[in-house]
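Novice: predicted coordinates and the sequence they were generated for:
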Protein chains: 2
Amino acid sequence: MALYAERGFENTTVAEIADRAGLTERTFFRHYADKREVLFAGSSHLQDLLETTVADAPADLAPIDAVARGVEAMAGVLQGRRDFARRRQAIIAASPELQERELTKLATLSAATAAVLRGRGVADPAASLAAEAGIAVFRVAFERWIADDEDRDATEVVRDSFDALKAVTAT
Amino acid sequence: MALYAERGFENTTVAEIADRAGLTERTFFRHYADKREVLFAGSSHLQDLLETTVADAPADLAPIDAVARGVEAMAGVLQGRRDFARRRQAIIAASPELQERELTKLATLSAATAAVLRGRGVADPAASLAAEAGIAVFRVAFERWIADDEDRDATEVVRDSFDALKAVTAT
DNA sequence: CGGACCATGTCAGTCACTGTCATCACCATA
DNA sequence: TATGGTGATGACAGTGACTGACATGGTCCG
């Protein structure tokens, strides 16, 4: 992350990263599938949390609300690491390749959530839509949370954003 | 597309594509930013349609419904090219790299839509959320349309999917 | 006819990523 | 202690996507 921040993602070679870490280029690729993955190593942890939270939500909760619980849980983890999240996001925002990878990570979250919902007995397309919508809320809320001047509580921003979604889709 | 379908995206080199087209590799890269873009050349046309349709929707229409009009318009263009869409989608489904690129194309659609909504006087986060939700519906509807056994009307599938979204987000 | 321009070809170079083999530390078991 | 298995790392060579620089040829315009 230091190197990416200094000279930008595209101007950083894997050889340089490996050097800085005291490793070989080859070894780098044994730990990370590609140059982008370094920035997304922690995302599987978030996904686990999301999945288990949605799975463990009260059975009588509406699908979208179960997803909301999961997204709030992710926000809870992020809370307190806003500086880190900001620096990381600045790096991603500066590189189309990294944005692309972030989108696939979010899509993975969505797919996993949809699968859990189906496990809760939610049929398609409701499951897919609730998951997609929930992840969309996460994305929007995350951006707002990072951009906000005063340090609002992340879960609170998520809750507000879910309310905004409901308002927007209620015609 | 022929080559990608035959031997798969990853097993096709740009040299081969250029050969088949009677061009140089260098010339290929002057027409397409990268190997993936070939499959997404037509997407800017769809984006134009989406943007103008949302922009020209009746002013009193709720944001999500304006977006629905735009997505329906896209479906109208796709209608009648289901075979092509299917073949293309099969190729994309077989390659993570192509899926990644498709996600960024969809994200671009979403961002453009949000911008148009803001132009209609919709504030954030409502604009972003309506756009994201609308594109999510598009994605889900598109998949259903392609997977469906009998050849349902694409715009009809889109409309159904928007209804499903509203049902899902109505607590 | 001369020149601006645009598309294409040619060539050399960088860099992400991969397959293969060797080395080495650690650990278990005879 | 010796032996062998395992897992992480290094060394090295190779492929292929993509880029920059320069040359060439065609077309249009004065």
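Specialist: Noted; the coordinates are in hand.

Novice: which element is the spatially most central residue of chain A on?
Specialist: A centroid search over chain A (C-alpha atoms, centre = their mean) returns A:Leu106, at 5.5 Å, as the residue closest to the centre. Assigned by DSSP states H and E, A:Leu106 belongs to helix A:96-119.

Novice: does DNA strand C have contacts with that helix?
Specialist: No: Helix A:96-119 lies out of reach of DNA strand C by C-beta under 7 Å from any atom of the strand, never closer than 8.7 Å. From N, CA and C alone the C-beta is placed, and that goes for glycine too.

Novice: name the surrounding residues that touch that helix.
Specialist: Contact with helix A:96-119 is made by A:9-10, A:36-37, A:39-40, A:43, A:46-47, A:50-51, A:54-55, A:63, A:66-67, A:70, A:91-93, A:124, A:126-128, A:130-132, A:134-135, A:138-139, B:96, B:99-101, B:103-104, B:107, as judged by C-beta atoms under 8 Å, 6 or more residues apart in numbering or on different chains.

Novice: of these, buried ones?
Specialist: Buried by 16 or more other C-beta atoms under 10 Å in any protein chain shown: A:9, A:36, A:39-40, A:43, A:46-47, A:50-51, A:54, A:63, A:66-67, A:70, A:91-92, A:126-128, A:130-132, A:134-135, A:138-139, B:100-101, B:103-104, B:107, out of these.

Novice: from those residues, which land in helices?
Specialist: Within these, residues falling in helices by DSSP state H are A:43, A:46-47, A:50-51, A:54, A:63, A:66-67, A:70, A:91-92, A:126-128, A:130-132, A:134-135, A:138-139, B:100-101, B:103-104, B:107.

Novice: what is the mean pLDDT for the helix holding A:Leu106?
Specialist: Averaged over helix A:96-119, pLDDT sits at 98.

Novice: ok now it, how far from the chain's centre?
Specialist: 8 Å (C-alpha atoms, centre = their mean, to the nearest Å).

Novice: check the spacing between the nearest residue to A:His45 once chain neighbours are set aside and A:Arg26 real quick.
Specialist: Excluding the flanking residues, the one nearest A:His45 by C-beta to C-beta, 6 or more residues apart in numbering or on different chains is A:Val77, at 7.9 Å. Separation of A:Val77 from A:Arg26 (C-beta to C-beta, to the nearest Å): 33 Å.

Novice: quick one: which of those two has more around it?
Specialist: A:Val77 (14 against 9; other C-beta atoms under 10 Å in any protein chain shown).

Novice: the more buried one reaches A:Asp48, doesn't it?
Specialist: No: A:Val77 lies out of contact with A:Asp48 (C-beta atoms under 8 Å); the separation is 10.6 Å.

Novice: now the terminal residues of stretch A:12-32, how far apart.
Specialist: 16 Å (C-alpha to C-alpha, to the nearest Å).

Novice: tell me how far that stretch is from the chain's mean position?
Specialist: 25 Å.

Novice: same check on stretch A:5-12?
Specialist: 22 Å.

Novice: so does that stretch get close to DNA strand C?
Specialist: Yes: Stretch A:5-12 lies within reach of DNA strand C by C-beta under 7 Å from any atom of the strand, at A:Thr12.

Novice: quick one: buried residues of that stretch?
Specialist: Those would be A:9, A:12, for stretch A:5-12 by 16+ other C-beta under 10 Å.

Novice: what's in contact with that stretch?
Specialist: With C-beta under 8 Å, 6+ apart as the criterion, stretch A:5-12 contacts A:3-4, A:35, A:87, A:90-91, A:94-95, A:97-98.

Novice: what about 6 Å?
Specialist: Here stretch A:5-12 makes contact (C-beta atoms under 6 Å, 6 or more residues apart in numbering or on different chains) with A:3-4, A:91, A:95, A:98.
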